[in-house]
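Asker: Sequence isn't available, so here's the structure alone:
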């Protein structure tokens, strides 16, 4: 009954199934691994954040460049405050306000400046609301953060911002605003200056349960569903072919030239089309119709001239 599995058509189907199922399982497992890595990264970042709050501050130079291991660690730097800028449309505790960023010209950084977020102020960004930076030499201590990317939060700089404001805290955003080099990092103070609220440190990029993590989980389900669908369709085709072979063996159907099951639509068309009547059936209908019918006088139709009924009509 299953000899059709050796036909070229079924060889192609079987090869596809054998290759498709492992591929779908591999891709689903890979996506699941990516989701688990993100979950583990989120746990590690949370544990690291707690440890960083209790750890002693370290010199800025020993923590650069910023990566997932050093992001959030407490850093300390000494220098003089310089240019002050505002970062609008930043939310804190459900309210919208702005960051006050002041550049610290460090002593040990060959004149490089470190962006320092001195605090957050509610309301629209305005230079009159921002407290002035302390004069003289200062030592700052706060959480080290990586440079922000455009669009990571706050106002978009696409349409331009007023003078003295920037959309993202990064060296790329500051390079045209100050006449000196800027560290590719920034610090948010542990304790904000007077009149402002301290800005909490954020988790390293890619370490949280963001939308990408749940996309990985969704792709996992899709690949496993694909694998199940391939198995389902293979069994469905196998059952259909086996039923046709059984019907053909019983003389209920006739295989086509390729030896495979006829198409269901073709079988339905054949069932609906009229079938030619047998000679006996035509003779019976003519005999019942009688000499007065149109079919009786048709020269192409065979007439029932047998028996007593035929003799009487000839007479």
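Answerer: Perfect, thanks for sending it. These figures come from a predicted structure and were not determined experimentally. Numbering: from 1, shown residues only.
Asker: show me the contacts for the closest residue to residue 131 other than its chain neighbours.
Answerer: The shortest distance from residue 131 to any non-neighbouring residue, by CB to CB, 6 or more residues apart in numbering, is to residue 195 (4.8 Å). In this view, the C-beta of every residue, glycine as well, is placed from N, C-alpha and C. Residue 195 is in contact with 119, 121, 131, counting by CB atoms under 8 Å, 6 or more residues apart in numbering.
Asker: Just among the residues you listed, which is most surrounded?
Answerer: residue 119 (25 neighbours; other CB atoms under 10 Å).
Asker: neighbours of the closest residue to that one other than its chain neighbours, just the number please.
Answerer: The spatially closest residue to residue 119, leaving aside those adjacent along the chain, is residue 196, at 2.6 Å (CB to CB, 6+ apart). Residue crowding around residue 196 was assessed by other CB under 10 Å; the count is 21.
Asker: One more: residue 227?
Answerer: Count around residue 227 with other CB under 10 Å applied: 19.
Asker: check contacts around it.
Answerer: If you count contacts by CB under 8 Å, 6+ apart, then residue 227 has 20-21, 24-25, 28 around it.
Asker: in the stretch 101-250 of the chain, which spans are helices?
Answerer: Here the stretch 101-250 of the chain has its helices, by DSSP state H, counting those that start in this stretch, at 171-174, 211-249.
Asker: Which one, of those, ends up nearest to residue 66?
Answerer: Closest approach to residue 66 among the helices of the stretch 101-250 of the chain (CB to CB): helix 171-174, 11.2 Å.
Asker: Show me what the closest one packs onto, helices and strands only.
Answerer: Secondary-structure packing of helix 171-174 (3 or more CB pairs under 8 Å, 6 or more residues apart in numbering; DSSP states H and E): no helix or strand packs against it.
Asker: Relative to the whole chain's centre, how far out is stretch 234-251?
Answerer: Put simply, stretch 234-251 sits 40 Å off its chain's centre (CA atoms, centre = their mean, to the nearest Å).
Asker: again with stretch 176-188
Answerer: Taking mean C-alpha positions (CA atoms, centre = their mean), stretch 176-188 and its chain are 36 Å apart.
Asker: tell me how far the ends of it are from each other?
Answerer: 22 Å (CA to CA, to the nearest Å).
Asker: In it, which residues are buried?
Answerer: For stretch 176-188, burial by neighbour count (16 or more other CB atoms under 10 Å) applies to 182-183, 185-188.
Asker: Selection in PyMOL covering whichever of the contacts of residue 227 are buried, please.
Answerer: Buried residues within the contacts of residue 227, by 16+ other CB under 10 Å, are selected in PyMOL with:
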select buried, resi 20+21+24+28
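Asker: From the contacts of residue 227, pick the one nearest residue 233.
Answerer: Closest approach between the contacts of residue 227 and residue 233, by CB to CB: residue 20, at 10.1 Å.
Asker: Show the contacting residues for the closest residue to the closest one other than its chain neighbours.
Answerer: Excluding the flanking residues, the one nearest residue 20 by CB to CB, 6+ apart is residue 230, at 4.9 Å. Residues in contact with residue 230 (CB under 8 Å, 6+ apart) are 17, 20-21, 24.
Asker: Format the residues you listed as a markdown table; extra columns: distance to residue 82 and secondary structure.
Answerer: Converted to a markdown table, the contacts of residue 230 look like this (distance: CB to CB, whole Å; DSSP: H, G, I helix; E, B strand; the rest coil):
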| residue | distance to residue 82 | secondary structure |
| --- | --- | --- |
| 17 | 68 | helix |
| 20 | 63 | helix |
| 21 | 64 | helix |
| 24 | 58 | helix |
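Asker: want to try JSON lines for those residues, with pLDDT and distance to residue 225 as columns?
Answerer: As requested, the contacts of residue 230 are exported to JSON lines (pLDDT from 0 to 100; distance: CB to CB, whole Å):
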{"residue": "17", "pLDDT": "93", "distance to residue 225": "16"}
{"residue": "20", "pLDDT": "95", "distance to residue 225": "13"}
{"residue": "21", "pLDDT": "94", "distance to residue 225": "12"}
{"residue": "24", "pLDDT": "95", "distance to residue 225": "9"}
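Asker: wait, which of these is closest to residue 143?
Answerer: Nearest to residue 143 among the contacts of residue 230, counting by CB to CB, is residue 24 at 43.7 Å.
Asker: So the closest one versus residue 30, what's the distance?
Answerer: Noted for residue 24: a distance of 11 Å to residue 30, by CB to CB, to the nearest Å.
Asker: what does residue 222 give?
Answerer: Taken as CB to CB, the span from residue 222 to residue 30 is 12 Å.
Asker: And for residue 89?
Answerer: 38 Å.
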